[in-house]
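# Okay, here's the prediction I keep looking at, along with the sequence it came from:
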Amino acid sequence: MIYYTKVLKGGRGLAKTLLERAPSVSLDWDLRQKSRFETTDSNACPVGVVIARGQVLRGQDVLVGEDGSFLKVLAKDQLVLRITFCAEHGSPFDLTRAAYHLGNRHVPIELKQAYLQIEPDHVLASMLENMHLIVQEIAAPFEPETGAYSEESKDAHAHDHKHHGHQAHG
């Protein structure tokens, strides 16, 4: 079994041909949050993942094995509630309001311009429908926000500063 211990966010810096040849693993959100697990890749080979605790895998990330091999991470379709507003009776602000209420409940939430997604929960679905939002259960990849204090956010923040010329003031 090959163990994968390093994460390249979004496969950054890798040639497209390397990525095309690499096997993949299709993982749901629950598994992509774990730091240690075993699974089977697209070539039916057993693989182990051992990454830093608190690190989250995203669809399109690439894992690097102890032997130098690459493994693409795919966000597996899973049941989610997709929340949209009714154009006839609402506005995009209704989604902002819903995100606020879901955030107050510490619900993992995927934020998109046209919709929100959360894991299925009939109580929350009822609350959202009472807010005159459209709630549909569908199968789709789930990529929720990780929070402002997560390692992922720190990486994105550092990346933004590096490429936009921001400097720390002090």
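Nice, thanks for sending it over. Note that the coordinates shown come from a computational prediction; the quantities given were computed from them, not determined experimentally.

# C-alpha only now, for contacts and for neighbours.
Fine.

# State the distance from residue 67 to residue 22.
Going from residue 67 to residue 22 by C-alpha to C-alpha, to the nearest Å gives 13 Å.

# Give me the more crowded residue out of those two.
With neighbours defined as other C-alpha atoms under 10 Å, residue 67 and residue 22 compare such that residue 22 has more, 15 against 9.

# quick one: the more buried one and residue 72 touch, right?
Yes: using C-alpha atoms under 8 Å, residue 22 is in contact with residue 72, at 6.5 Å.

# Quick check: neighbours shared by those two?
Between them, residue 22 and residue 72 share no contacting residue under C-alpha atoms under 8 Å, 6 or more residues apart in numbering.

# ok, how many other residues are close to the closest residue in space to residue 141 that isn't next to it in sequence?
Residue nearest to residue 141 in three dimensions, not counting chain neighbours: residue 77, with 4.3 Å by C-alpha to C-alpha, 6 or more residues apart in numbering. Number of residues near residue 77 (other C-alpha under 10 Å) recorded here: 15.

# and residue 77, how far is that from residue 18?
Separation of residue 77 from residue 18 (C-alpha to C-alpha) stands at 25 Å.

# same deal with residue 9?
Relative to residue 18, residue 9 is positioned 15 Å away (criterion: C-alpha to C-alpha).

# so where do the helices sit in this protein?
Ranges of helices within the chain are 16-21, 29-32, 93-104, 122-130, 151-164, based on DSSP state H.

# least reliable of these going by mean pLDDT?
Across the helices of the chain, helix 151-164 has the smallest mean pLDDT, namely a mean of 50.

# Tell me which residues touch residue 3, please.
Residue 3 neighbours (C-alpha under 8 Å, 6+ apart): 47, 48, 49, 50, 65, 66.

# Now which of these would you call buried?
Applying 16 or more other C-alpha atoms under 10 Å to the contacts of residue 3, the neighbour count classes 47, 48, 49, 50, 65 as buried.

# I figured the third one hits residue 1, correct?
No: with contact defined as C-alpha under 8 Å, residue 49 does not count as touching residue 1 (10.3 Å).
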